[in-house]
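**Student:** Starting from these lines, generate the structure:
(2 chains)
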Amino acid sequence: MTTAVDTDRPADKHARRPSAWQLLMNNRLAAVGFYVIFVIVFVALLAPLLPLQDPNATSPADRLLPVFTDGHVLGTDQLGRDVLSRLVWGTRVSLLVGISASLLAALFGSLIGLVAGYWGGRADNLIMRGIDMLMAFPYILLALAIVAVLGPGLLNALYAIAVVNIPFFARNVRGVTLGLSRREFVDAARLSGKGHVSILLTEILPNVMPIIVITASTTVGWMILETAGLSFLGLGAQPPQADLGSMLGQGRSLLFTSPMISIIPGITVFMIVMSINLLGDGVRDTLDPRLRAGALNRPMPVTKINRRTTPEPPGDTGAAALSVTGLETSFESTAGPQPAVKGVSFSLRKGECLGLVGESGSGKSVTALSLLGLVASPPGVITGGTVTIEGRDMFTLSESEISAFRGSKVSYVFQDPLTTLHPLYTIGEQVAEAVRAHRPVGRSDAWSKAVELLKIVRIPEAEKRANAYPHELSGGQRQRVGIAMALADDPDIIIADEPTTALDVTVQAEILRLLQVLRQERGLALLFITHDFGVVAEICDRVAVMRFGEIVEAGNTAEVLGNPQHPYTRRLIACVPRPGQGRAFLDGVRELPPETGRTGRT
Amino acid sequence: MTTVDAISVSNLCKTFGGTRSLFGGRSHEIRAVKDVTLALNHGETLAIVGESGSGKSTLARMVVGLEVPTSGEMKIAGRDASALRAKGPRAFGQTIQYVFQDPVSSLNPRKTIGSILEAPLKRLKGYGGPRRRARMKELMDAVRMPTDALERYPHEFSGGQSQRIAIARALAAEPRIMVLDEPVSALDVSVQAQVLLLLEDLRNEFDLSYLFISHDLAVVEAISDRVAVMYFGEVVEVGSAERLFRSPQHEYTKKLISSAPRLETPTG
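**Tutor:** Numbering: from 1, shown residues only, chains lettered A, B, ... in the order given. The predicted model follows:
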C-alpha cells in the first residue's frame, strides 16, 4: 500500500508480514487480556450447564456466610443467595448488555457516520451538528435522562448506553468515510454502474470496517462499566435479577460488616474491563495500518550500523567529494534481512553531477539515504561498505559528528516539497531555522540570510514571499525553497532525490536550470537521483544505472547514452520516448526482448 | 458510424465554488474549464496536454459524467450527455470508460481483482455467472495478465500490473470510448512503455477511441493522432501531433516543447 514505507520491497509471497493474529499475540498485554476475557466469557456462557445453585433462591438461615463455606465457595449475601452463582449469572447479564449496547451503538453510529461522510456538504453539516448536540451533554446525565423517560430496567439501560455512545462511532466513521469517498476507486465503481447504496455498502464499508472494530473493541469495556453504573444507581437490572452493578449496589450498605459481598463483583468488573481494554488496545494496534507500518516507532538518529565488511576506499579520495565503496544496506523483517543495496561503489568528484538512475525498488533512494545514515532504523541496517567524505569514514563517526556533516557538508533535496515543508510556518522562518541550526546567529541575521537564500534560488520579491506559507506557493517555488534550505549552510554536496518528478515539464526545466547555475557558481557536487534518462541527459556529467540494489553500468553520460553496454541500460533508454520520434517509438518498444527480471514483474 | 464523432463538446464551462454558503457569503469561484470546444473522431486518439491546474482532468471527468458541466453542450457517441445523465450512471458507463492516473488508489484494496471486474460485467452488461467468469478470463488475456490474478488482492501487484487491471476493468464495460487520465505518469519508464504499447494494441483490437490526458509531450507524441493544448482552462491550440511538434503556434505550446527533457546529450 502507498502508506507503507517506500523502502519496503515488493511483497514476496513467502516473506509476507506476520498475520494479524500473530501480531496480536506478540503483544503480551493483549494476549493476557485475551485469555482472561476468554475464560470469563466461557464461564458466563456455560452458566446454565454448571452445577450452580439457583441465583435467586433465598435462604434467610444462611445469610452472610463467609467465603469458602461448604456449599457456598464465595459465601452468601444478605438474603442467603449463593454469591458464586449470582456472580456467574450477573457477569452473563453485564457482558450481554455491554456487548449488545456496543453493537447497537456501532450499527447506528457507523450508519450515521457513513451517510454523513459519503454525502458531505449540507447533509454532513446537519447530521454532525446533531451529533455534536448529543455530545454536549455529560454522558451520565444523558443516560439518566433517557432512563428517566423510559423507566428503569435493563433493556432501557441498554438503549440509554447505546444512544450515549453513538456520537463516538459516528465521528470516527465519518472522518474515515470522508477521506475514502473522495478516492478514485469510488469514482471507478460509479462508472461500473454501481448506485450510491451499493457503493456505500460494498466499496466503502469494507474499508471502514477495521475502524468500526477498533472503536467497538475499545468501547465495550467502557459500556460494561456504564451498565454497571446505571444498575448500581438502581436504574438498570431490577431485583431479584443479578448483574454486577446491582450486586455492587446491594453490597454497598454492608461494606463494613461483610466487605466481600461488594469486593467480589468489584474485582470481576475490574477484570472484565481491564482485559477487554488490553485486548481492545491490542486489536487497535494490529488493525491500524499506520501503527502496523511502524509509525510510532521512533527511528534512531543514525541508521544502525553492523558492518561485516569495511573495504578500504580507493586511493585517490583526495579528488573525490564523496566516495562510496561496497555499500550494503538491508531491511530487517520477520523473514530475515532483505538486502536493498548490494555492494554499491561510486565516487562523486568536486563540482560534478552524478546521476543515479533506476526504477522504483532499485535501491537508489536507499543508497542516497545510507550515505549519512538517514535510513530509518529499525528496520534499516547498514551491513557493509564505507562512505568517505573529506577523508573520513562516515560510519565510524559518533552521532554528533555525523549530525554535523548533515546539512553543513552534505544536504538533501527531496521529491515532494509539500511534505518536507512544515505547513504552519512561513517559508522565511523555515529557511531561517535551517540557517540557525548550524550557526549561532541572531533571529534577524538568520532572517536576512534566509531572504538572501531565497533570492539565490530566484524567488521573485523574496522579502515579501518570505512571509508566505508553503500552500501559497506553486510546486516549483516550493521546490526552490527546498533548495534554499539545502543551501543554508553552504554544503559541498547536494543529494537531490527525484527533485523534479512531481513538477510540470516547464517548471522542471526551470529547476534543472537553477541547479545547474548553483553548481557552477558554488562548485557544488550534485548527486542526482532520478528515473528519467531525459533529465540525466540535461544535467549530469556522469551516470550510474542501478537495478535490484546494484550498479549495472556507470560512465560518462554521453557515452552511456550513446553506446549503452548493459542490456538493462539499453532497455531503459529505448523506453524513453524522444520528441520527434512519434509512433516509431512504440514499434521500437514492440521489438524489445522480454525483460529478464527477478520475478518477471512488469 | 464514421460520421458521428465519439465525443463532441461545444462551449463547455465548469466553475467550482461561487455558491452561497450556509451563512450568506459567496465562496471563492474557480473557472476550471472555460468555453472549450473539441471533437474526438471515431477511432482516433486525441491527446489533451497541459500543466497541472490547466483543467484537463476536469474536462475528462465531465466527459465521463463524474462532474456536471456548468454550461455548454456535450455529446457522447452522438447522444446528448444531459439525456445520458438523466438515465443514471449506467448509461455513461456503457459507452465511455475512464482509466485513472493512480492505479493503486483506483482499485479498492479490500476487493479481489475478480470482484472488481465483476461489477461492470454484472451491472453494465447484465451477464450471468458463467458468462462473467469467461469474460473475466478474456479480459485478463487482453491486458496480458495471468488469470490466477483474479483471486488476488490489489496490494499484491506492482504499479504497472495494477494499471493493466484498471484497464481491464474499463474494457469490461465494452465501451466505445476510453478516457485515459495520465495513465502512465505514475509508472516507471520501462513499464510506461509497455502500458502505452498495450493501449495502442487494444485500441486497434477493440476499435476504441481514446481521449488521452497527459503532461508529457513525448508520450503524447508516441500515441496520439491529434493534440489539444490546454492552458488555464482554455484550449489554445489543436492540431495533428506531427504538425504541432514541428511548428507550434501558441507561445505556451512552444514553451512546453522546449522544456521537454531531451535524451540527446548537448554534445551528441
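**Student:** going forward, measure contacts and count neighbours with C-alpha atoms only.
**Tutor:** Will do.
**Student:** near chain B, which residues of the stretch 401-550 of chain A?
**Tutor:** Residues of the stretch 401-550 of chain A lying close to chain B (CA under 8 Å from any CA of the partner chain) are A:504-506, A:508-509, A:531-538.
**Student:** so A:E328 touches A:P337, yeah?
**Tutor:** No - if you go by CA atoms under 8 Å, A:E328 and A:P337 don't touch, sitting 11.6 Å apart.
**Student:** between the two, which one's more packed in?
**Tutor:** Using other CA atoms under 10 Å in any protein chain shown as the criterion, A:E328 and A:P337 rank with A:E328 on top: 26 against 15.
**Student:** For the more buried one, grab phi and psi.
**Tutor:** Dihedral pair for A:E328: phi -130, psi 130, per degrees, to the nearest 10.
**Student:** Report the contact partners of the residue in the stretch 51-200 of chain A that chain B sits nearest to.
**Tutor:** At 4.0 Å from chain B, A:F185 is the closest residue in the stretch 51-200 of chain A, using CA to the nearest CA. By CA atoms under 8 Å, 6 or more residues apart in numbering or on different chains, the contact set of A:F185 is B:105-108.
**Student:** can you pull the buried residues of the helix or strand hosting A:E521?
**Tutor:** Following DSSP states H and E, one finds A:E521 within helix A:505-522. For helix A:505-522, the neighbour count (16 or more other CA atoms under 10 Å in any protein chain shown) marks A:505-512, A:514-516, A:518-519 as buried.
**Student:** got the residues of the stretch 101-250 of chain B near chain A?
**Tutor:** Residues of the stretch 101-250 of chain B lying near chain A (CA under 8 Å from any CA): B:104-110, B:119-120, B:123-124, B:155-156, B:158, B:160-161, B:173, B:188-194, B:196-197, B:215-219, B:221-223, B:242, B:245.
**Student:** Identify each of the helices in the stretch 101-250 of chain A and give its residue range.
**Tutor:** A:121-136, A:139-150, A:154-180, A:184-191, A:196-198, A:205-232, A:244-252 (DSSP state H, counting those that start in this stretch).
**Student:** among the ones you listed, which is nearest B:D207?
**Tutor:** Across those, B:D207 has its closest neighbour in helix A:184-191 (20.3 Å, CA to CA).
**Student:** Give me the pLDDT value at the closest residue to chain A within chain B.
**Tutor:** Using CA to the nearest CA, the single residue of chain B nearest to chain A is B:S106, 4.0 Å away. Reported pLDDT at B:S106 in the predicted model: 90.
**Student:** what does A:Q565 give?
**Tutor:** On the pLDDT scale, A:Q565 gets 91.
**Student:** contacting residues around the closest residue to B:R90 other than its chain neighbours?
**Tutor:** Using CA to CA, 6 or more residues apart in numbering or on different chains and skipping residues adjacent in sequence, the residue nearest B:R90 is A:G193, 4.5 Å away. For A:G193, the contact set (CA under 8 Å, 6+ apart) comprises B:89-90, B:93, B:119-120, B:123-124.
**Student:** repeat that with 10 Å
**Tutor:** A:199, B:88-94, B:119-125, B:173 (CA atoms under 10 Å, 6 or more residues apart in numbering or on different chains).
**Student:** just A:I267 next, same as before
**Tutor:** Taking CA under 10 Å, 6+ apart as the test, what A:I267 contacts is A:244, A:273.
**Student:** helix/strand/coil for it?
**Tutor:** Assigned with DSSP: H, G, I helix; E, B strand; the rest coil, A:I267 falls in the helix class.
**Student:** Just the pLDDT for it.
**Tutor:** 93.
**Student:** What is the burial count for A:Q477?
**Tutor:** A:Q477: 20 neighbours (other CA under 10 Å).
**Student:** Neighbour-wise, which one of the contacts of A:F185 leads?
**Tutor:** B:L107 (28 neighbours).
**Student:** correct me, but B:S57 touches B:I213?
**Tutor:** Yes - assessed by CA atoms under 10 Å, B:S57 is found in contact with B:I213 at 7.4 Å.
**Student:** which residues are common contacts for the two?
**Tutor:** Common neighbours of B:S57 and B:I213 (CA under 10 Å, 6+ apart) are B:48, B:50, B:101, B:179-182.
**Student:** While we're on B:F212, how confident is the model there?
**Tutor:** 95.
**Student:** Also the one 4 residues further on?
**Tutor:** We have a pLDDT of 83 for B:D216.
**Student:** residue contacts, it?
**Tutor:** A:504-505, A:577, B:49-51, B:182, B:184-185, B:256-257, B:260-261.
**Student:** Please apply the same query to B:S57.
**Tutor:** B:32-33, B:48, B:50, B:63, B:100-101, B:179-182, B:213-214.
**Student:** I'd like the distance from it to B:V36, if you could.
**Tutor:** Using CA to CA, to the nearest Å, B:S57 is found at 13 Å from B:V36.
**Student:** Equivalent analysis for A:P301, please.
**Tutor:** 54 Å.
**Student:** Tell me which of those two has more neighbours.
**Tutor:** The residue with more neighbours, out of A:P301 and B:V36, is B:V36; 19 against 15, by other CA under 10 Å.
**Student:** which element follows the helix or strand that contains that one toward the C-terminus?
**Tutor:** Counting by DSSP H and E, the element that carries B:V36 is strand B:30-40. Moving toward the C-terminus from strand B:30-40, the next helix or strand (DSSP H and E) is strand B:45-49.
**Student:** How about that following strand and chain A, touching?
**Tutor:** No - Strand B:45-49 stays clear of chain A (CA under 10 Å from any CA of the partner chain), getting no nearer than 11.0 Å.
**Student:** Could you tell me which strands sit next to that strand in the sheet, and their orientation?
**Tutor:** strand B:209-214 (parallel), strand B:226-231 (parallel) (DSSP bridges).
**Student:** could I get it in CSV with only the CA atoms?
**Tutor:** Taking Å, rounded to 0.1, in the frame of the first residue of the first chain, the C-alpha atoms of strand B:45-49 are listed here in CSV:
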residue,chain,number,x,y,z
THR,B,45,-6.6,9.2,-30.2
LEU,B,46,-6.9,12.8,-29.2
ALA,B,47,-4.4,14.0,-26.6
ILE,B,48,-5.0,16.8,-24.2
VAL,B,49,-1.8,18.4,-22.9
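**Student:** So which bits of it are buried?
**Tutor:** For strand B:45-49, using 16+ other CA under 10 Å, the buried residues are B:45-49.
**Student:** what do you get for stretch A:588-597?
**Tutor:** Quick answer for stretch A:588-597 (16+ other CA under 10 Å): A:V589.
**Student:** For that stretch, give me every contacting residue.
**Tutor:** By CA under 10 Å, 6+ apart, stretch A:588-597 touches A:547-548, A:567-568, A:570-571, A:574-577, A:584, A:600-602, B:190, B:193-194, B:196-198.
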